[in-house]
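J.: I'd like to go over a predicted model; first the sequence, then the structure.
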Amino acid sequence: MELGIAVIFLIGLPIAYLFQVGKPRGFALSVLFVVFAAATALWAISRSRSDWASMGYYLVPGDAALAGILSLTFSRKKDHAVPDLRILAWLALAGSILIVVFNLVSGFQSISENRAADEYDEVTFRQYDREKASIGSYLQKNRGRETAWLDSSIRTRMQDSLFLSVALESGFVSPDLLDTLARSPFQRVALSAIGNPKARGETLVRAYRAHADSNIFVEVSGPQSQYTRGSNPRDLPASEQFDGH
């Protein structure tokens, strides 16, 4: 069913429109709507940062053709003797206009979402830089006991994912604490833990066990990962060794 609708929209509508434009009546208005619909659709797609946005380009011909067909229907039925057909004509015109308006709204919505995302990133990066500077300053003040101070700070802020992601970049985090954080429900924190150079082989294996339902962790810390190929899972208790699944 979905495939049939897709074929009609992608191929059927453009072909149907090409057959209709051979009739001169309403041709100019239909071309105007085709151009507006195609232009606004292309513009809206170009505003989106979605990974699937490029797929929208395949829909542009059908989108433009539908607007053209509806406007042709308006031009050819608006003066019809049958009242119901005249009403249908105006509804068709409204449909053509709605297609263009929908494209414009989608484009402006994408712009708004992009702006919000950029503002969020800017705030997050500023917080990241502050946390990084703060941690660096405290590590300098605690020379000789960096690991003890950092481990203590991490344990008191276990729910602060931003702080944890910054702190886990440090080489002063103890391997035992990395082992604990690798099983954190926060994926960002767990990934930071197994990415730390002090993370042990068994830590990576346990992270894989704890997050086996996540494709990211299966790829990063699974048995075929570059991170775990150099470790020996048999160093773990039998219940935690890889079983190949």
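T.: Yep, it's here.
J.: Does Ala199 touch Leu177 like I think?
T.: No. Contact criterion Cβ atoms under 8 Å: Ala199 and Leu177 do not qualify, at 10.4 Å. Every residue, glycine included, has its C-beta placed from N, CA and C.
J.: where exactly do the helices run in the chain?
T.: 2-7, 13-20, 27-47, 60-77, 83-141, 146-156, 161-167, 175-181, 187-195, 201-210, 215-221 (DSSP state H).
J.: Can you point out the buried residues in the second one?
T.: The neighbour-count check on helix 13-20 (16 or more other Cβ atoms under 10 Å) flags Leu13, Pro14, Tyr17, Gln20 as buried.
J.: Might you report the residue contacts of the third one?
T.: The contact partners of Tyr17, taken as Cβ atoms under 8 Å, 6 or more residues apart in numbering, are Ser30, Val34, Ala65, Gly68, Ile69, Leu72.
J.: residues in contact with the last one?
T.: Under the criterion of Cβ under 8 Å, 6+ apart, the neighbours of Leu72 are Tyr17, Gln20, Val21, Gly26, Phe27, Leu29, Ser30.
J.: Out of these, who's the most crowded?
T.: Ser30 (25 neighbours; other Cβ atoms under 10 Å).
J.: circling back: export the buried residues of helix 13-20 as JSON lines, with columns for distance to Gly171.
T.: JSON lines is the format used below for the buried residues of helix 13-20 (distance: Cβ to Cβ, whole Å):
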{"residue": "Leu13", "distance to Gly171": "60"}
{"residue": "Pro14", "distance to Gly171": "60"}
{"residue": "Tyr17", "distance to Gly171": "64"}
{"residue": "Gln20", "distance to Gly171": "70"}
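J.: How confident was the prediction at the closest residue to Ala37 other than its chain neighbours?
T.: Once flanking residues are discounted, Ala37 sits nearest to Ala67: 3.7 Å by Cβ to Cβ, 6 or more residues apart in numbering. The predicted structure scores Ala67 at 93 on the pLDDT scale.
J.: And Val166, by the same measure?
T.: Model confidence at Val166, given as pLDDT, is 88.
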